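*Asks:* Output the structure for:
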Amino acid sequence: MRLSSRVKSVSPSLTLAITAKAKKMKQEGLDVVGFGSGEPDFDTPDHIKSAAIKAIQQGFTKYTAGSGTDELKKAVCDKFHKDNGLSYSPSQIVVSCGAKHSLYNIIQAVCEKGDEVIIPSPYWLSYPEMVNLAEAKPVFIETDDSSGFRISASSLKKAITKKTKALIINSPSNPTGAIYAKEELKEIGKIAVEKGILIISDEIYEKIIFDGNLHVSIAGLGGDIFKNTIVVNGVSKSFAMTGWRIGYLASPDNDLVTAIKNMQSHSTSNPASISQMAALEGLKNSGTIVDEMRNEFEKRRNYMVERINKIKGLSCLKPEGAFYIFFSIRKTGLSSMEVSDRLLNEAMVAVVPGKVFGSDRHIRLSFATSMENIKKGIDGIEEWFDKNC
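*Replies:* Reported below is the predicted structural model:
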């Protein structure tokens, strides 16, 4: 079979591949500690699961509107108003099969062949692949530990060309945990408005923020910025619902939203009806699960940062949000691919090489695992580096 050039250019998700390899090794009886997974290790709350069971029992198992039920879209609007001070109507919401699906839809809807999409680096590994699939070009703005892994207004201006179509902002960030301050976002938003560049704001980790900080949505920083921004979020990280596959987007651009609805109607149709009812319950009655998860993640973060920074040759910033440590291996002289491969095979510790996120000088660890696993895994990492570096 002759495949399209678009498909042939796409790389598989290495994070999923590493997680799968670690699981396979465990099944073979090997004692592997996994730091690769990008999902909360907490179970979906019982009241959310009960809502899904009730939906099944009541026969809510048929098609819904392609962009989601009116009730769920209303709940999403209420969430935006309450949490972010943003006002949308249900007609300006599209519910999709996960936030990843929402992002894919946006990029397919707005990008033409040859367009450029600016992506701060390090980045979530799926962003450039989605841009490539739309036959557009990802343009990276490099950041590092010294900048707190955040782009500046001046670096954004330098990256913009006549071909620039959009900018992707991810705050809190996967893989770095970086959060943009309000003033930083305002400056970025002003430049995007002046240049007519769409802002795609991925806010999937907004509930996982530490040290008492609050999430700021770039869409809330002025009317012009609001009109120029499409916000993406979902329930996977906030309510430990990764497998339920519910994400959503919001935009005041009715033509753009209609185009995405039309596209989705010819691809996936509606997200699973049962998952929509579960997401509705999560949005309406989140209880204390978010705070409980965040508090536990913060304890794990503090422990990992302290341990990593004591290992010779390694260093890391304290992430402000999300559940990842992105530590530097620059002083070791090793590549992230070599380190990740050898840690898995020699120390039985699964990590993700920073190269897939745009930095071969870093390694990503997820602390979405138990403290017991974290202690055991860090012990293994420390022993390996002491022996080999």
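
*Asks:* Can you list phi and psi of residue 234 for me?
*Replies:* Backbone torsions of residue 234, given as degrees, to the nearest 10, read phi -180, psi -170.

*Asks:* number of nearby residues for the residue lying closest to it once chain neighbours are set aside?
*Replies:* Excluding the flanking residues, the one nearest residue 234 by CB to CB, 6 or more residues apart in numbering is residue 247, at 3.3 Å. Every residue, glycine included, has its C-beta placed from N, CA and C. Neighbours of residue 247 under the rule other CB atoms under 10 Å: 25.

*Asks:* Residue 247 touches residue 202, doesn't it?
*Replies:* No - between residue 247 and residue 202 there is no contact, the gap being 9.9 Å when judged by CB atoms under 8 Å.

*Asks:* Show me whatever sits in contact with both of the two.
*Replies:* Common contact partners of residue 247 and residue 202 (CB atoms under 8 Å, 6 or more residues apart in numbering): 99, 232.

*Asks:* related to what we said a few turns ago, partners of the residue nearest to residue 234 in the sheet?
*Replies:* Residue 247 forms beta bridges with residue 96, residue 234, as assigned by DSSP bridges.

*Asks:* tell me the contacts of it?
*Replies:* 95-102, 204, 232-236.

*Asks:* how much space between residue 145 and residue 328?
*Replies:* According to CB to CB, to the nearest Å, residue 145 and residue 328 sit 6 Å apart.

*Asks:* do residue 35 as well
*Replies:* Noted for residue 35: a distance of 16 Å to residue 328, by CB to CB.

*Asks:* any residues in contact with both of residue 145 and residue 328?
*Replies:* The contact lists of residue 145 and residue 328 share residue 315, where a contact means CB under 8 Å, 6+ apart.

*Asks:* ranking the contacts of residue 247 by neighbours, who comes first?
*Replies:* Ranked by neighbours (other CB under 10 Å), the contacts of residue 247 are led by residue 235, which has 30 neighbours.

*Asks:* Contacts only, for that one.
*Replies:* Listed by CB under 8 Å, 6+ apart, the contact set of residue 235 reads 241, 244, 246-247, 279, 282-283.

*Asks:* So among the residues you listed, which ones count as buried?
*Replies:* 241, 244, 246-247, 279, 282-283 (16 or more other CB atoms under 10 Å).

*Asks:* domains in the protein, as residue ranges please.
*Replies:* According to automatic domain parsing, the chain comprises the domains 5-44+288-388, 59-284.

*Asks:* name the element residue 194 belongs to?
*Replies:* helix 182-195 (DSSP states H and E).

*Asks:* Quick one: list the elements packing against that helix.
*Replies:* Contacts defined by 3 or more CB pairs under 8 Å, 6 or more residues apart in numbering; DSSP states H and E place helix 182-195 against helix 153-159, strand 164-170, strand 198-202, helix 223-227.

*Asks:* quick one: the first one to chain centroid distance?
*Replies:* Shown here is helix 153-159, whose average C-alpha point lies 23 Å from the average C-alpha point of the whole chain (CA atoms, centre = their mean, to the nearest Å).
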